[in-house]
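Trainee: take this sequence and fold it.
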Amino acid sequence: MTTPHDAARFSIMERSLAACVLVAALGCSGTHTPTPPPPPDPAGVLDDTTCPGDAQTIAQIDDPGITIGSLRFGSVRIGAVAVAEDGSVYFVQTHPGGANEVIEIYAVVPGGTAQRIATAPGYSAADAQIWIEGDTLSYLALGALYTVPRAGGNLTLVANTPAKGAGLFSTWLHDATYAYAVATAQSPSDSFHGEVWRLPRTGGVGERIYTSTDPKETYLYKSSIALDETSIYYTSDAGVLRMPKEGGAPTLLYASRYPSYDDKLVLSGSILHVSNFDGVVRADLATLPPAQPPTVLPIGKSSIFDMVGDALGVTVLLDMWGSGNERQDLVRLGRGEAHSVALACFDRASGYPDITVRALDAHALYAVVADDILVAPRHERIVRVPR
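Mentor: You can find the predicted model right below:
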């Protein structure tokens, strides 16, 4: 019986085509038109009957929940995660504190348990960013950059942005000099528009480096962002845009059939990856705007929930559905391989877990696996998945 993913399993097709070549003298008969060979660097969807289980729990938070009226809800959320060279894992966690939420920063040394090292300002743990440099942890939230010793202590304010929009409704990413944000800002007339900001990591006040008048760039706070040495890349309802780090008008690089802010964007070396309605688009920046159509890596009967990557490769989080399977899979996209590789999968049948990839290093991915927020008591855990 044919399954919904048979058409995407390139490795089987490749073996069949190779067999036809080897036995050409005997003939490869059939009534159907021969299937054309796959592109030079194919990456099909994994076989959804397999399920690797190599995911190590680093930390688990038990959430008793809160009661609102006659209903009980979850209240604790794990947000940003960072990994130090010695294997220590740091994360931010939200607790409700009356009218305002309280953000806490925790550390987990190898073989140890989670220990709180600081309390931080913020609105949501999901909106904060953290990273490690030496003995210092940097914390970025609400458009302000702080540092705190990895051993714990009080946060020190380093730089901030004067605009509310860049602090509350933005996606941040940093390089060695600046932290950059694509944001949705509110004008005095209460209309909204897209902006790009940068915040100096050495200290000072952030600067607005681009203001958009294009309606398709209004809701940039939902956008995905990537950086290279000279440029900022971000998604919008127009497609994937590129602009200089010092500011200036963006250039449209690529637009799918249905471009969206929600498309995921990852740079792996000079290769741009964009998730969209068709799957994952992959193109060399040297060919963009495209001289030829980019390669599309089909995802079959599934949806892309998340995508992360670096110079070592790209991993997508697929929501597998159909064929009786209700789960999410972490899948490494093929780079010169015959097919993609499943790294881990998570059953969604019980509790409908929410999974987000929060960090990666040269050896592993770090994901937050959370029970449904509408269920209490519940649990959230950080898992380590080897790459």
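Trainee: going forward, measure contacts between C-alpha atoms and count neighbours the same way
Mentor: OK.
Trainee: now do the contacts for residue 56.
Mentor: Residues near residue 56 by C-alpha atoms under 8 Å, 6 or more residues apart in numbering: 383-385.
Trainee: neighbour-wise, which one of these leads?
Mentor: Greatest neighbour count in those, by other C-alpha atoms under 10 Å, goes to residue 384: 22 neighbours.
Trainee: ok, now which ones touch that one?
Mentor: Here residue 384 is in contact with 55-58, 364-367 (C-alpha under 8 Å, 6+ apart).
Trainee: now with 6 Å, please.
Mentor: Counting by C-alpha atoms under 6 Å, 6 or more residues apart in numbering, residue 384 makes contact with 55-56, 365-366.
Trainee: now do residue 90
Mentor: Here residue 90 is in contact with 81-82, 106-107 (C-alpha under 6 Å, 6+ apart).
Trainee: okay, it and residue 131: tell me how far apart.
Mentor: Distance, residue 90 to residue 131, by C-alpha to C-alpha, to the nearest Å: 9 Å.
Trainee: identify the contacts common to the two.
Mentor: residue 82.
Trainee: next up, the contacts around residue 201.
Mentor: Neighbours of residue 201 in contact, by C-alpha under 6 Å, 6+ apart: 177-178.
Trainee: quick one: the nearest residue to residue 255 once chain neighbours are set aside from residue 303, how far?
Mentor: Spatial nearest neighbour of residue 255, chain neighbours left out: residue 239 (4.2 Å); criterion: C-alpha to C-alpha, 6 or more residues apart in numbering. Residue 239 sits 19 Å away from residue 303, going by C-alpha to C-alpha.
Trainee: and the two? which has more neighbours close in?
Mentor: The residue with more neighbours, out of residue 239 and residue 303, is residue 239; 22 against 19, by other C-alpha under 10 Å.
Trainee: what pLDDT does that one get?
Mentor: You'll see residue 239 listed with a pLDDT of 91.
Trainee: that one reaches residue 259, doesn't it?
Mentor: Yes - using C-alpha atoms under 6 Å, residue 239 is in contact with residue 259, at 5.0 Å.
Trainee: what residue ranges in the stretch 101-250 of the chain score low on pLDDT?
Mentor: Within the stretch 101-250 of the chain, the set of residues satisfying pLDDT under 70 comprises 101, 163-169, 190.
Trainee: show me the helices in it, by range?
Mentor: Using DSSP state H, counting those that start in this stretch, the helices of the stretch 101-250 of the chain run over 164-168.
Trainee: tell me where the stretch 201-350 of the chain has strands.
Mentor: Along the stretch 201-350 of the chain, the stretches classed as strands by DSSP state E, counting those that start in this stretch are 204-205, 207-211, 225-227, 231-235, 240-244, 251-254, 265-268, 271-276, 279-284, 295-298, 302-310, 313-320, 327-332, 341-347.
Trainee: hey, least reliable of those strands by pLDDT?
Mentor: strand 295-298 has the lowest average pLDDT among these, namely a mean of 74.
Trainee: then that one to CSV, C-alphas only?
Mentor: C-alpha atoms of strand 295-298 as CSV (Å, rounded to 0.1, in the frame of the first residue of the first chain):
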residue,chain,number,x,y,z
THR,A,295,16.5,23.9,-5.3
VAL,A,296,13.3,22.9,-3.4
LEU,A,297,13.6,20.2,-0.8
PRO,A,298,10.1,18.7,-0.5
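Trainee: show me what that strand is packed up against.
Mentor: strand 279-284 (3 or more C-alpha pairs under 6 Å, 6 or more residues apart in numbering; DSSP states H and E).
Trainee: residue 358: how many residues sit nearby?
Mentor: Neighbours of residue 358 (other C-alpha under 10 Å): 20.
Trainee: wait, it sits on residue 81?
Mentor: Yes - counting by C-alpha under 6 Å, residue 358 does reach residue 81; the two are 5.5 Å apart.
Trainee: what's the offset of stretch 252-270 from the middle of its chain?
Mentor: 13 Å (C-alpha atoms, centre = their mean, to the nearest Å).
Trainee: now stretch 177-193: buried residues?
Mentor: 178-186, 192-193 (16 or more other C-alpha atoms under 10 Å).
Trainee: out of those, who's nearest residue 112?
Mentor: residue 179 (31.3 Å; C-alpha to C-alpha).
Trainee: enumerate every residue touching the residue nearest to that closest one when sequence neighbours are not counted.
Mentor: Of all residues not flanking residue 179 in the chain, residue 199 sits nearest, at 5.0 Å (C-alpha to C-alpha, 6+ apart). Residues near residue 199 by C-alpha under 6 Å, 6+ apart: 178-179, 206.
Trainee: can I get the residues you listed in TSV including distance to residue 287?
Mentor: What follows is these, written out as TSV (distance: C-alpha to C-alpha, whole Å):
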residue	distance to residue 287
178	27
179	27
206	33
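Trainee: can you tell me which of the residues you listed is nearest residue 102?
Mentor: When the contacts of residue 199 are compared against residue 102 (criterion: C-alpha to C-alpha), the nearest one is residue 179, at 23.3 Å.
Trainee: what about that closest one, distance to residue 261?
Mentor: 20 Å.
Trainee: tell me what residue 67 is bridged to.
Mentor: residue 72 (DSSP bridges).
Trainee: what does the pLDDT read for it?
Mentor: So, for residue 67, pLDDT stands at 76.
Trainee: count the neighbours of it for me.
Mentor: Neighbours of residue 67 using other C-alpha under 10 Å come to 12.
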